[in-house]
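# fold the following for me, if possible:
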Amino acid sequence: RERGPALPAAVGALCRALPPRARPAPDTLRLARFDRPQASLDFWRLLYGLLKQIHRGKWTESDAIGAQVRFVKSALWYHGYGRPRLQQLPADGSAGSRELLLAFSWLLPSLGLLELLLARNRVRTGDETSVCTCEDELPKSQEGTTEAGPEDRVDVRYLQWLNGRLRLQWCSLHAQHQEQCKLLHKIHLFTSGSHMDQNLGHFSVTETDLIRRPENYKQLLQLLEAETMQLEAFLEWKQLEPVYWQWMEAVLDNMAEEGNMCESQDAHVEKRRLPEVTSCCPWADKLTGQMDRLSRDLTALQEQLHQLVAPRRAAWWEKVAAREELQKERFSATARKIQESVELKLRGLTSLHAAKKNGMHGSFRLVLRNKHPASKMGFGQCVSKEAVPAVSAAEVIRELQVREARLQREMQQLRQQCRHRLEEIAEGLEGVICVSP
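Sure, this is the predicted structure:
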């Protein structure tokens, strides 16, 4: 199935398409096919480096192997890889290279591993910003789904302190971002008309830095060359990818054959033990008589237990019926509240979905536009000699303001529900007056 020289080319292209800091040797994958222990540590480090980059975490090659193994197991479990054999591998990373090869191969299509890493680690020569106008897909919390126990309760003053600290950090971050935007606008404005590409018209921060310090172009050139080589390896990998998956089918077949051999050996051992068990036939009659006496005793005990349980069961069913009636009344009140909440939310669905557009998500390049005074800044995902479709910053701001207003309305509704809930609780407390803020 390996098709001669096509397999080494596919494995080599796959390794070269990975980031330089987490790039394994092709021999590591070949040794892992036969579950060689000398490839285990390299594979743990490979998955550790890749998953850290996906989660934007800091890591070094000197991290303890135990911490690497724990992180890889938890990260794979988080992404949906629940193979028990991987979780049972030793924490010192001394075994399991073939299991890690399977996990690595699973990450390739399930996460789009290569595409994700290429997009995340690409060299950015332009000024970009992240824009997201997509609707949240997380399920909204329902009222009354969780109740905090006494051990889970936190002092409200501590929560207020945390809220104030979060607001302070948010204001500081917002001020820093505003200062960055002002400096960025100055660079775009002062270099306007200097760029050879008319669709851009101005230099980015990186390009301006290269003009001020021409000696830095060598480092940028090296990064671009490395990225080009990685992209070429990715294109080669896409052509040879079917060869790799045929090779992985052979790996799975080998694992299945080894599993069948282990099962046949266990069955052979059981067959050899079988005569030893059946060699006690002379005592069968005595054992049968003892079993009959035990069966009669169990039958008598079962009848006595039934006589004792019957009245208690009847009383229990009466309590259950009374509790069900009480729950029906509570359910009717809860259903009415839910119906009112649903009606309120359905009123805004028509206008919301009528004006809904495809949400923007991802990084967009910042381009200063002087042709349209109403929108000074635009976003463009590609740059060419033809007209580039752009989205004005004013349009994005208007869309975000609409979302902010909708979230503000929803927050007011939640505050009103919390206020009613506090009033209901205060009514059940004697001698307590609750003054709403």
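
# tell me the buried residues in the top strand by length along the chain?
In the chain, assigned by DSSP state E, the strand with the most residues is strand 361-368. Buried residues in strand 361-368, counting neighbours by 16 or more other CB atoms under 10 Å, are found at 364-368. Glycine gets a C-beta too; all of them are placed from N, C-alpha and C.

# which residues of this structure score low on pLDDT?
1-4, 135-153, 259-287, 341, 344-359, 370-389, 434-437 (pLDDT under 70).

# what ranges do the strands span in it?
Using DSSP E, strands in the chain cover 128-132, 361-368, 377-380, 391-392.

# relative to residue 400, which of those is closest?
Of all these, it is strand 128-132 that lies closest to residue 400, at 9.1 Å by CB to CB.

# off-centre distance for the closest one?
How far strand 128-132 lies from its chain's middle: 20 Å, per CA atoms, centre = their mean, to the nearest Å.

# check stretch 237-255 too.
Per CA atoms, centre = their mean, the centroid offset for stretch 237-255 relative to its chain is 27 Å.

# before we move on, what about stretch 179-197?
Counting by CA atoms, centre = their mean, stretch 179-197 comes out at 37 Å from the chain centroid.

# could you pull out the buried residues of that stretch?
184, 187-188, 191, 195.

# likewise for stretch 38-54?
Applying 16+ other CB under 10 Å to stretch 38-54 flags 39-54 as buried.

# so which of the residues you listed sit within helices?
40-54 (DSSP state H).

# CSV for the strands of the chain, including distance to residue 6?
Below are those laid out as CSV (distance: least, CB to CB, whole Å):
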stretch, distance to residue 6
strand 128-132, 39
strand 361-368, 35
strand 377-380, 40
strand 391-392, 44
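
# just tell me which of those ends up closest to residue 417.
strand 128-132 (28.2 Å).

# strands paired with that closest one, and their directions?
strand 361-368 (antiparallel) (DSSP bridges).

# so how far is residue 239 from residue 165?
Shown here: residue 165 relative to residue 239, a distance of 53 Å by CB to CB, to the nearest Å.

# swap that for residue 38, sorry
31 Å.

# again with residue 20
Taken as CB to CB, the span from residue 20 to residue 239 is 22 Å.

# where exactly do the helices run in the stretch 151-300 of the chain?
Per DSSP state H, counting those that start in this stretch, the stretch 151-300 of the chain carries helices over the ranges 156-190, 205-212, 217-277, 284-347.

# give me whichever of the ones you listed is most buried.
helix 205-212 (a mean of 14; mean count of other CB atoms under 10 Å).

# any idea how far residue 55 is from the residue positioned nearest the centre of the chain?
Nearest to the geometric centre of the chain sits residue 79, at 5.7 Å (CA atoms, centre = their mean). Distance from residue 79 to residue 55, counting by CB to CB: 10 Å.
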